[in-house]
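Engineer: Please find the sequence and the predicted model below.
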Amino acid sequence: MLNVENLVVCYGGIEALKGIDFNVEEGKIVTLIGANGAGKSTTLKSIVGLVKPKNGKISYLNKNLLNVETKNMVKEGIVLVPEGRRVFPDLTVLENLKIGAFVRKDENKIKEDLEWVYSLFPRLKERTWQLAGTLSGGEQQMLAVGRALMARPKLMMMDEPSLGLAPLIVKEIFEIIKEINKQGVTILLIEQNANAALHIADYAYVLETGKITMQGKGKELLEDENVKKAYLGQNTK
Amino acid sequence: MKRKKYNIIFSVILIILLFVILYFAKLYLDDYKSRILNLCAIYTILGLSLNLINGFTGLFSLGHAGFMAIGAYTTALLTMPIPIKEQNFFMAPLISPLDKIVWPFLPSLILGGILAAFVAFLIGAPVLRLKGDYLAIATLGFSEIIRVIFTNTQRLTNGALGLKGIPNTTNLFWSFGIAVITLIVMILLINSSYGRAFKAIREDEIAAENMGINLFKHKILAFTIGAFFAGIGGGLLGNLIGAIDPLMFRFFLTYNILLIIVLGGMGSITGTVISAFIITISMEALRFLDESINLGFFTIRGIPGLRMVVFSVLLMMVILFFRNGLMGNKEITLDILANKLSKKPLTKGGVKR
């Protein structure tokens, strides 16, 4: 579905991505894991067009994505759940969700999807009229995901959904991500929390200082000695 | 749905009531008082238009005086009778065709608004790429440029001499009528999907763009609509006062409107209306501060401009104690009023919808 080839991105003279290749298959959860500064966010930013890559190809459903502007990504069916949630704090939960469906014109379908989002996140329904800024961190993350779903994406990209959340909430969010995937949304997940991400991922890539150093099925990588040592904090001796 | 219907009926009744009151006001109020009421309505229009740009879309624009100048000059030049035009332009004649054209008030006002909107559109294209303070400085600069151009185009605007003898067409019905129309347009706009997009841009530009909102299009839309109503407000003001000159449209005028929206609450329509009335009326009511005050045992010598000092102090107090203005970004709506009256618990969590 999404295919990235030899992607090179520079900030000034520094190469943040040194030519990475990866592939997101339709209907799967694919995750990119890596430490700070590995280039995870840069990858996402170049996919949605916020950063211009120096070299490489990004194609989506056999279409060159480099020529598509950020604001038109949603129309293509790609939506980003940004890092740090970025909900609209002074708008109500409902308004936030409605903005998610901004590019859509089919009022009835939007209503259906609103119910769908509410069924995924019952907590949001209770708080329909509350200002998003007054929600807790976990609820804000739910809102950010719900807002993205309102656009009816084919591909949902998530930038560190576990950021700043308690382990229990992280578990809850990841369960929901899995559920969303089951309902037909392809997911590209960018995470530092390798353990949580690998558990739900169908396929995973490990990113280190701008290069992909390892790849494999989520379960396989979980068992991998090197990954265990570097990311899962388990002493293998 | 039923509630919606009631709201519409109730709004219509309120508007009719307003015009009945205005009818009696026109009969019984003297010129001074009705002029203050007129100013209240005009400042409401200006406040609402600036609030659309600053409060709802979050673009810190200080160019309002410039747009008002365009509206005021257009309306004045189009509505002035030919002999008065000849009297005004004694230094250099007015360029043709303008010297022979006399239009009725309404089309002149609308053309004034459209011209202001057009200039806003041209200015907006480069300027709206800026953010925050930079945008404020750039729009301020453009508004000064417009003023300086008007000072130097002798044959079009009569330069620094200004225009005198503009017909006093603006009356309570004109100003309040247009204020009500502005109010309705703003409410409809803010509650539409455009309004949501404006607010999303104000809250978080990157997230808004991610959701597929075209930032530039919506920013320029808000800027142009705001300028349109600023032009109309300027036109009403010119034809109320009867004389305009470029100095009238200095930054000070923008500052007054900014004061209204900050006091009323950035992003609140009802707040803007309330504070437009408060500020315009208290500007006049505080006039006694400029004159000498006799306290019986001794007399305070009048200091011209003292009321502006008091005003500034008031503004500081508001900023200190009401960080978000009188209303914040809340609204008083018919729903909330109806619920208050019927003492029923607020539906939908008491939040405006």
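Structural biologist: Here it is on my side, so go on. Numbers count the residues shown, from 1 in each chain, chains lettered A, B, ... in the order given.
Engineer: How about whatever residue of the stretch 201-350 of chain B ends up closest to chain A: what's its closest non-neighbour residue?
Structural biologist: Using C-beta to the nearest C-beta, residue B:212 is the residue of the stretch 201-350 of chain B that sits closest to chain A, at 3.2 Å. The C-beta positions use only the backbone N, C-alpha and C, and glycine is treated the same way. Closest residue to residue B:212 apart from its sequence neighbours, by C-beta to C-beta, 6 or more residues apart in numbering or on different chains: residue A:74 at 3.2 Å.
Engineer: can you count the residues close to the one you found?
Structural biologist: For residue A:74, the count of nearby residues is 25 (other C-beta atoms under 10 Å in any protein chain shown).
Engineer: My read is that residue A:35 contacts residue A:193, right?
Structural biologist: No - at 11.4 Å, residue A:35 does not count as touching residue A:193 under the criterion of C-beta atoms under 8 Å.
Engineer: ok, the two, which is more surrounded?
Structural biologist: The neighbour comparison of residue A:35 against residue A:193 (other C-beta under 10 Å) goes to residue A:193, with 19 against 14.
Engineer: And the more buried one, what's its pLDDT?
Structural biologist: Residue A:193 carries a pLDDT value of 86.
Engineer: Can you pull the phi and psi angles for it?
Structural biologist: The phi and psi torsions at residue A:193 (degrees, to the nearest 10) take the values phi -80, psi 80.
Engineer: so it touches residue A:164, yeah?
Structural biologist: No - taking contacts as C-beta under 8 Å, residue A:193 lies outside contact range of residue A:164: 11.1 Å.
Engineer: Retrieve the pLDDT associated with residue 66.
Structural biologist: If you meant another chain, say so; for now it's chain A. Confidence at residue A:66, expressed as pLDDT, is 89.
Engineer: try again with chain B
Structural biologist: At residue B:66, the predicted lDDT confidence score is 95.
Engineer: One more: residue B:267?
Structural biologist: Predicted confidence (pLDDT) at residue B:267: the value is 87.
Engineer: May I have the secondary structure class of it?
Structural biologist: Three states are possible here, and by DSSP: H, G, I helix; E, B strand; the rest coil the one that applies to residue B:267 is coil.
Engineer: who are the neighbours in contact with the residue lying closest to residue B:324 once chain neighbours are set aside?
Structural biologist: Taking C-beta to C-beta, 6+ apart, and ignoring the residues beside it in sequence, residue B:324 has residue B:265 as its nearest neighbour in space, at 5.7 Å. Contacts of residue B:265 were listed using C-beta atoms under 8 Å, 6 or more residues apart in numbering or on different chains, and they are B:55, B:271-272, B:275, B:324-330.
Engineer: what's around residue B:239, how many residues?
Structural biologist: Under the criterion other C-beta under 10 Å, the count of neighbours that residue B:239 has is 25.
Engineer: ah, wrong one, I meant residue B:49
Structural biologist: By the criterion of other C-beta under 10 Å, residue B:49 has 31 neighbours.
Engineer: cool, the one 10 residues further on as well?
Structural biologist: One way to gauge burial is a neighbour count; for residue B:59, by other C-beta under 10 Å, it gives 26.
Engineer: Roughly how far does it sit from residue B:123?
Structural biologist: Residue B:59 sits 12 Å away from residue B:123, going by C-beta to C-beta, to the nearest Å.
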